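Q: I'll drop the sequence and a predicted model, then ask my questions.
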Amino acid sequence: QVQLVESGGGLVQAGGSLRLSCAASGGTFSYYAMAWFRQAPGKEREFVAAISWSGGSTYYTDSVKGRFTISRDNAKNTVSLQMNSLKPEDTAVYYCAAGRDVSGSTYIYTWGYDYWGQGTQVTVSS
């Protein structure tokens, strides 16, 4: 059983930056691909970014490409999401997820992930 705990959310003005972190425990972190999803009020949870178990491959939804960067540290069991040039439409609860069998085109689907964190709120004011 893997436990995931997110941190780093908060309130920021448009154009600002935040760095989200997710700490994992209870499993072999390097076995899992990791991802960030987000969910805005009244909307479905959507894919933001993912990183392979080795960190060698990364994936982003189009709306965050060039602004967000996902990274991982397998020695520290952490995954991070650096968010720059934030926009009001980035406002959402951000969730960290771990998946043992995600790969290729399945990174974007919530059903591909086995474990989820509790979420951290990101609010971008205009």
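A: Ah, there it is. Numbering: from 1, shown residues only.

Q: only C-alpha atoms for contact and neighbour calcs from this point on.
A: Will do.

Q: which parts of the protein are strands?
A: 3-7, 10-13, 18-25, 33-39, 46-51, 58-60, 68-73, 78-83, 92-99, 115-116, 120-125 (DSSP state E).

Q: contacts for the first one?
A: This means strand 3-7. 20-26, 95-97, 115-120 (Cα atoms under 8 Å, 6 or more residues apart in numbering).

Q: one more time with 10 Å
A: Defining contact as Cα atoms under 10 Å, 6 or more residues apart in numbering, one finds that strand 3-7 is touched by 19-27, 77-80, 94-98, 115-121.

Q: out of the strands of the chain, nearest to Y109?
A: Of all the strands of the chain, strand 46-51 sits nearest to Y109, with 7.0 Å by Cα to Cα.

Q: quick one: work out the angle between the closest one and strand 92-99.
A: Orientation note: strand 46-51 sits at an angle of 50 degrees relative to strand 92-99 (axes from the mean of the first three to the mean of the last three Cα atoms, to 10 degrees).

Q: and strand 46-51, which strands flank it?
A: strand 33-39 (antiparallel), strand 58-60 (antiparallel) (DSSP bridges).

Q: beta partners for the spatially most central residue of the chain?
A: Closest to where the C-alpha atoms of the chain average out (Cα atoms, centre = their mean) is W36, at 1.9 Å. Beta-bridge partners of W36, counted by DSSP bridges, are A49, C96.

Q: that's all I had, so thanks and see you.
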